[in-house]
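Participant: Structure for the following, please:
(one chain, ligands or ions: 1)
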Amino acid sequence: MKRLLPLTLLLAAVATPVAADMFKDLKETAKQTATQKAAEKLNLPTAAPVNAKVYLIAPANGATVSSPVKVVFGLSGAGVAPAGVQKENTGHHHLLIDQPTYDATLPLPATDQIKHFGGGQTEALLDLKPGKHTLQLMFADWKHQPFNPAVVSEQITLTVK
Ligand SMILES: [Cu+2]
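Facilitator: Next comes the predicted model:
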């Protein structure tokens with residue numbers, strides 16, 4: 001018995017920090033989930049990543065193209081993450097087609113004029129009717145809500161043959 005005691009103490013000493021760590025992790029996860037749920041419920045705006053800029057790499061402004069149009073998204077100063085993943089300095093792309101109206105204090109709806117790229121895509125093939133169209137890229141947070149301030153590209157105009 002006397003020989004077992006030091007071993008028991010040793011095991012207890014080893015086991016305790018591990019259990020404490022696990023408990024801390026669980027608490028951290030629970031806290032993060034609660035924060036995420038609250039942010040979602042209250043539509044809390046996410047501060048824009050400080051140096052985030054979005055721009056359209058293609059098509060070029062003023063271009064005449066045929067449908068489907070390959071649109072390539074450019075981003076600097078932030079990272080792309082799939083929708084639903086709350087990670088600092090990340091978001092996902094949205095394409096605003098022909099100047100849709102939207103409420104910047106709410107998550108962007110998914111419509112014919114507002115396309116979400118929640119899988120983290122950085123390009124798209126877009127079906128557009130012949131004629132003049134405008135495109136603007138918007139980078140929004142994990143819950144599809146525009147950043148504060150909004151991170152948007154210049155609007156480009158194109159003609160579809
Ligand atoms: Cu979205």
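
Participant: C-alpha from now on. contacts and neighbour counts both.
Facilitator: OK.

Participant: Next, count neighbours for residue 37.
Facilitator: As a burial measure, residue 37 scores 12 neighbours (other C-alpha atoms under 10 Å).

Participant: same check, this time on residue 38
Facilitator: When neighbours are defined as other C-alpha under 10 Å, residue 38 has 12 of them.

Participant: does residue 120 really touch residue 81, like I thought?
Facilitator: Yes. Here residue 120 reaches residue 81: they are 5.5 Å apart, a contact under C-alpha atoms under 8 Å.

Participant: Overlap in contacts, those two.
Facilitator: residue 92 (C-alpha atoms under 8 Å, 6 or more residues apart in numbering).

Participant: So for those two, which sits in the more crowded spot?
Facilitator: Neighbour comparison, residue 120 and residue 81: the larger count goes to residue 81, with 22 against 15 (by other C-alpha under 10 Å).

Participant: Quick check: can you list the domain ranges of the chain?
Facilitator: For the chain, automatic domain parsing gives the domain ranges 1-42, 53-160.

Participant: Which among those domains is found nearest to the ion?
Facilitator: domain 53-160 (3.8 Å; C-alpha to the ion).

Participant: Break down this structure into its strands, ranges please.
Facilitator: All strands of the chain, identified by DSSP state E, fall at 53-58, 64-65, 69-76, 79-80, 90-97, 114-117, 123-126, 131-140, 146-152, 156-160.

Participant: in its sheet, what does the fourth one sit against?
Facilitator: On the basis of DSSP bridges, the sheet neighbours of strand 79-80 come out as strand 90-97 (parallel).

Participant: Need the residues that contact the strand it pairs with.
Facilitator: For strand 90-97, contacts defined as C-alpha under 8 Å, 6+ apart pick out 49, 73, 78-83, 112-122, 133-142, 144.

Participant: Mind doing that once more with 6 Å?
Facilitator: Here strand 90-97 makes contact (C-alpha atoms under 6 Å, 6 or more residues apart in numbering) with 78-81, 113-118, 120, 134-142.

Participant: All good on my end, thank you.
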